[in-house]
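**Student:** got a predicted structure plus its sequence, pasted below:
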Amino acid sequence: MLDIRQLACQRGDRLLFSHLDLTVAPGELWRIAGANGSGKTSLLRLLAGLAQPAAGEIRWRGEPLARQREAFHAALLYIGHTPALHDLLTPGENLAFACAASGLAATPARREAALNALGLARQLELPCQVLSAGQRRRVALARLALASQRPLWLLDEPFTALDVHAVAALAAQIDAHCAAGGSVIFSSHQEGGLRTPLRVLDVEARAR
């Protein structure tokens, strides 16, 4: 599904990692490990096509990413480290905007159901600026329930600020996506109680 060869990433004068190879097959679950600042977020941004590598190539289904960006982005769900919410909008309004921006088709009823399933029923009419960090994270993660048909999920620190119940619910969503043939690559310092066999890529081991 996704094939990375000899990838290198540079931030300013610092080479974060190089000679990174990774092949992701359908149904696989990968955790990107490494200390803060080692390049986990930078790697996910490269894989999402949001930045250019210093060297190497990324292929999607056998073809260079540069030749098929539109098809790739239609198959991708990327959720960054920060929730990326507008403070003055409600959870539903933020979710509607995120869906429109990423091309996810979802009715208002489906969006509300996704938020309710994450325990946000009482916060639906509140501006996001008054929500806790965990509630804001759940608003961002509500997109997962609407993106089951997108085969590749890239998630940057998805378990951050979540309580025990929310971590378990997220792990179940990730497991279900992999069981259905999807692939998930996520960065985290924890494994989240996932049942799917986990493969780990340590970007620190590729530091130069």
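**Tutor:** Now that the structure is in, tell me what you want to look at.

**Student:** so what's the spatially most central residue of the chain up against?
**Tutor:** Centroid-nearest residue in the chain: Leu155, 1.9 Å away (criterion: Cα atoms, centre = their mean). Residues near Leu155 by Cβ atoms under 8 Å, 6 or more residues apart in numbering: 44, 78-79, 174, 184-187. Placement of C-beta: from N, CA and C, glycine included.

**Student:** that one belongs to a strand?
**Tutor:** Yes: under DSSP: H, G, I helix; E, B strand; the rest coil, Leu155 sits within a strand.

**Student:** measure it to Gly62 for me?
**Tutor:** Per Cβ to Cβ, to the nearest Å, Leu155 is found 24 Å from Gly62.

**Student:** rewinding a little: and the gap between the residue nearest to the centre of the chain and His177?
**Tutor:** From Leu155 to His177 the distance is 10 Å (Cβ to Cβ).

**Student:** give me the common contacts of those two.
**Tutor:** Common contacts of Leu155 and His177, defined by Cβ under 8 Å, 6+ apart, comprise Val184.

**Student:** centre of the chain to stretch 4-14, how far?
**Tutor:** From the chain centre to the centre of stretch 4-14 is a distance of 20 Å (Cα atoms, centre = their mean, to the nearest Å).

**Student:** contacts for that stretch, please.
**Tutor:** Defining contact as Cβ under 8 Å, 6+ apart, one finds that stretch 4-14 is touched by 15-23, 39, 42-43, 46-47, 51, 53-59.

**Student:** cutoff 10 Å now
**Tutor:** By Cβ atoms under 10 Å, 6 or more residues apart in numbering, the residues outside stretch 4-14 that reach it are 15-24, 37, 39, 42-43, 45-47, 51-59, 65, 201, 203, 206-208.

**Student:** any buried residues in stretch 184-203, and which?
**Tutor:** Across stretch 184-203, burial judged by 16 or more other Cβ atoms under 10 Å covers 184-188, 192, 194, 196, 201, 203.

**Student:** near Ala101, how many other residues are there?
**Tutor:** Ala101 has 9 neighbours, counted by other Cβ atoms under 10 Å.
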